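Engineer: structure of the sequence below:
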Amino acid sequence: MRNPLSKLVTELEPSGIRRFFDMASTMKNVISLGVGEPDFDTPWHVREEGIYSLEKGRTFYTSNAGLQELKEEICKYLKRRFSLSYIDKQILVTVGGSEAIDVGLRAMLNPGDEVIIPEPCFVAYLPCVKMAGGVPVRLPLEEKDGFKLTKKKLLSAITDKTKIVILPFPNNPTGAVMTAEELQIIADIIKERDLFVLSDEIYSELTYERKHVSIASLPGMAERTVVINGFSKSYAMTGWRIGYAAGPEEIIKQMIKIHQYVIMCAPTTSQYAAVEALQNGDSDIARMRESYDARRRFLVKELNDMGIPCSMPQGAFYVFPNISRFGMNSEEFATKLLNQEGVAVVPGSAFGDSGDGFLRISYAYSIESLKVALEKIQKFIDTIS
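Structural biologist: Next up, the predicted model:
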């Protein structure tokens with residue numbers, strides 16, 4: 001019998017995060033600091049709207065691109081929060097931000113087109129580029145630059161085959177944020193070299209020292225940028241699977257075509273809940289961000305006090321401490337910590353080779369949980385120092 005499997009798919013590496021947590025899931029009494037998911041419940045008024053939509057029998061398909069009301073609210077939200085101007089035809093409602101990344105790349109790439117992927121970064125970019133027929137160009141960022149994309153780094157990766165640059169900021173796993181001035185330097189190169197940007201802004205509401213700036217808000221960049229965003233992180237709506245893409249109408253139109261054939265539409269109940277989140281959820285965002293900020297400052301101080309160098313993240317809800325002084329790579333350190341103390345963190349290498357020597361620790365957990373985990377981490381490093 002012939003091989004039933006796709007060579008392309010079988011050669012994809014499984015997620016380094018999931019591989020590690022499959023191992024952790026077989027163990028008892030594990031304290032997990034690895035999952036990128038808010039520990040807050042979805043705000044009650046948002047859940048209530050989802051319940052109401054079911055009670056009203058709103059269980060039908062919506063239009064492929066999403067509820068008209070939701071698209072209009074997304075446009076208002078992006079204008080209000082990030083000075084981005086879109087009309088409804090420039091919005092596609094998707095099954096989470098991950099689908100938006102996938103269909104965006106598939107709509108824009110021809111076979112052989114190169115996509116620059118700054119690392120460390122979200123694990124889905126590279127396989128999505130490959131499945132879209134593109135060629136991923138992994139660009140390692142460095143701690144000395146704050147894990148930000150610099151002019152020198154970007155220019156070193158551009159070739160005559162480059163078409164898209166992925167901008168993963170605020171960054172998972174490093175917490176790095178790009179300022180308006182830093183983004184302007186990148187934007188100038190993008191325009192000069194006639195490139196496009198896929199800007200993953202799922203953590204845009206979770207910045208702490210300054211307000212998030214989208215590269216699409218800079219002069220001449222809206223027509224070159226597809227903005228990816230969603231409700232999972234900002235509104236604690238991970239399980240609702242609702243996200244969106246905003247961009248040039250000619251790109252969004254082709255993204256809708258792909259979405260139409262493989263998805264039909266995002267979940268109707270989730271779309272109605274998302275309308276409520278956008279209309280009345282600003283205070284929820286502020287409340288959760290304030291809590292994350294307190295955890296962020298606590299966790300960074302405690303890690304540094306115990307001799308694990310950790311810079312202060314400017315966004316998202318992760319810290320990225322450097323564990324290279326312990327003479328182990330990330331995988332080895334995380335595995336031993338899990339086996340000896342029952343604390344699960346993610347090896348930095350899961351986010352690209354440049355993440356080796358670091359760990360991703362999420363602070364989407366209570367201070368109490370963080371305290372217990374830190375005591376165990378201290379105990380572990382006492383045994384290996």
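Engineer: helix/strand/coil for residue 375?
Structural biologist: helix (DSSP: H, G, I helix; E, B strand; the rest coil).
Engineer: tally of neighbours for it?
Structural biologist: Around residue 375 there are 15 other residues, counting by other CB atoms under 10 Å. Any C-beta I mention is one placed from the backbone N, CA and C, and that applies to glycine too.
Engineer: cool, residue 269 as well?
Structural biologist: 18.
Engineer: can you tell me the element it falls in?
Structural biologist: Element membership for residue 269, per DSSP states H and E: helix 268-280.
Engineer: now do that helix, average pLDDT.
Structural biologist: Averaging pLDDT along helix 268-280 yields 98.
Engineer: got the CA coordinates for the helix or strand following it in PDB?
Structural biologist: Once helix 268-280 ends, the next helix or strand along the chain (criterion: DSSP H and E) is helix 282-305. The C-alpha atoms that make up helix 282-305 are tabulated as PDB, following Å, rounded to 0.1, in the frame of the first residue of the first chain:
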ATOM      1  CA  ASP A 282     -12.300  48.100  28.400                       C
ATOM      2  CA  SER A 283     -12.500  48.000  32.200                       C
ATOM      3  CA  ASP A 284     -11.900  44.200  32.100                       C
ATOM      4  CA  ILE A 285      -8.800  44.700  30.100                       C
ATOM      5  CA  ALA A 286      -7.500  47.300  32.600                       C
ATOM      6  CA  ARG A 287      -8.300  45.100  35.600                       C
ATOM      7  CA  MET A 288      -6.500  42.000  34.200                       C
ATOM      8  CA  ARG A 289      -3.500  44.000  33.000                       C
ATOM      9  CA  GLU A 290      -3.100  45.600  36.500                       C
ATOM     10  CA  SER A 291      -3.000  42.100  38.000                       C
ATOM     11  CA  TYR A 292      -0.500  40.800  35.400                       C
ATOM     12  CA  ASP A 293       1.700  43.900  36.000                       C
ATOM     13  CA  ALA A 294       1.900  43.100  39.800                       C
ATOM     14  CA  ARG A 295       2.800  39.500  39.000                       C
ATOM     15  CA  ARG A 296       5.400  40.500  36.400                       C
ATOM     16  CA  ARG A 297       7.300  42.800  38.900                       C
ATOM     17  CA  PHE A 298       7.100  40.200  41.600                       C
ATOM     18  CA  LEU A 299       8.400  37.300  39.500                       C
ATOM     19  CA  VAL A 300      11.200  39.300  37.900                       C
ATOM     20  CA  LYS A 301      12.500  40.500  41.300                       C
ATOM     21  CA  GLU A 302      12.300  37.000  42.900                       C
ATOM     22  CA  LEU A 303      14.200  35.400  40.000                       C
ATOM     23  CA  ASN A 304      16.900  37.900  40.000                       C
ATOM     24  CA  ASP A 305      17.200  37.700  43.800                       C
END
